[in-house]
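**Q** 3D, please:
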Amino acid sequence: MTTSNPEAPLEAPQAQGIMARDPTLNRTQGAYEALRADLLSCRILPGSRLKIQELCGRLAVSLGAIREALSRLTSEGLVVAEPQRGFRAAPISAADLQDLTNARIELETLCLRRAIRLGDVHWESKLVAATHRLSRTPERDPGDPERINDDWAEAHAAFHRALVEGCDSAWLMRLRGQLYDQSERYRRISVPLTRSTRNIEQEHQQIVTATLDRDAEAAASLLAAHLQATATILLSAAASDEMRMVEEVEG
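**A** Take a look at the predicted model:
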């Protein structure tokens, strides 16, 4: 029996066919995907005001398409709706970052322990392939070393998903995906703030080695330290006021 991707949006089976026949749905979905990508990559800074007319012009879609996209993004926690003031990219804060990191550590280590206990050789093979892909993809954007390479971001997301996919729980994977998306904004912001040399590839490889050795305690400990490291970089920056510009954007 086949199963659907637990992190994929829940859609009716005919949804893709309907979209192919209805240009309006295609434009709405396109607006949603474009805005979501801009929010996750921080091309739209946290806290920025989202001006609907400007978005309509930039994305060449209708007012209704933008409102529908913003409504979906609000339900995902990436956009905040303010009465009488419109929409704003969800803000960031040191308190939210630490709370989010704690939640990720609790959930992801739970998923990892289950994957180590339940995962089969197919899961192991997918993890090895995802690790190889990530190791061969440059982390920084060749045109702008202060930004993350979008291909690396995609490979990084696939790696972390593959790491825990063997947990055999659609709900855990769905919740994990939501927390990962929220943390992506913080991780993107952390890149230009990194002052010390951090060997992320080595961190990943150590986690994978412990995972494939079925050493749940070591793997969970390494994963927790890996997730906390990004939060520590940003919290240190916040303490020295380097995050002020993204925390206080008024749009």
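**Q** so where do the strands sit in the chain?
**A** In the chain, the segments counted as strands under DSSP state E are 49-50, 79-82, 86-89, 140-141, 144-148.
**Q** Pairing partners for the longest one, with directions?
**A** In the sheet, strand 144-148 lines up against strand 140-141 (antiparallel) (DSSP bridges).
**Q** Now do the helices in the stretch 151-251 of the chain.
**A** Per DSSP state H, counting those that start in this stretch, the stretch 151-251 of the chain carries helices over the ranges 170-190, 200-212, 216-239, 244-247.
**Q** mind checking how far the second one is from the chain centre?
**A** Its chain's C-alpha centre lies 20 Å from the corresponding centre of helix 200-212 when counted by C-alpha atoms, centre = their mean, to the nearest Å.
**Q** okay, and for the protein, where does confidence drop off?
**A** Low-confidence regions of the chain, defined by pLDDT under 70, span residues 1-25, 191-197, 238-251.
**Q** For stretch 150-170, output the C-alpha coordinates as CSV.
**A** What follows is stretch 150-170, C-alpha atoms only, in CSV (Å, rounded to 0.1, in the frame of the first residue of the first chain):
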residue,chain,number,x,y,z
ASP,A,150,19.0,28.2,-2.8
ASP,A,151,20.1,24.8,-4.1
TRP,A,152,21.9,24.1,-0.8
ALA,A,153,18.8,25.2,1.2
GLU,A,154,16.7,22.7,-0.8
ALA,A,155,19.3,19.9,-0.2
HIS,A,156,19.6,20.8,3.5
ALA,A,157,15.8,20.6,3.9
ALA,A,158,15.9,17.2,2.1
PHE,A,159,18.7,16.0,4.4
HIS,A,160,16.9,16.8,7.6
ARG,A,161,13.7,15.3,6.3
ALA,A,162,15.5,12.1,5.2
LEU,A,163,17.2,11.9,8.6
VAL,A,164,13.9,11.3,10.4
GLU,A,165,11.6,9.9,7.7
GLY,A,166,12.0,6.4,9.2
CYS,A,167,10.0,7.4,12.2
ASP,A,168,6.8,6.0,10.7
SER,A,169,4.5,8.8,11.8
ALA,A,170,2.8,11.1,9.4
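**Q** For it, which residues meet the burial criterion?
**A** Buried residues in stretch 150-170, counting neighbours by 16 or more other C-beta atoms under 10 Å, are found at 152-153, 155-169. Where C-beta positions appear, they are placed from N, C-alpha and C, glycine not excepted.
**Q** Give me the contacts around stretch 78-87.
**A** Identification of contacts with stretch 78-87 by C-beta atoms under 8 Å, 6 or more residues apart in numbering yields 36, 39-40, 49-52, 70, 73-74, 88-91, 181-182.
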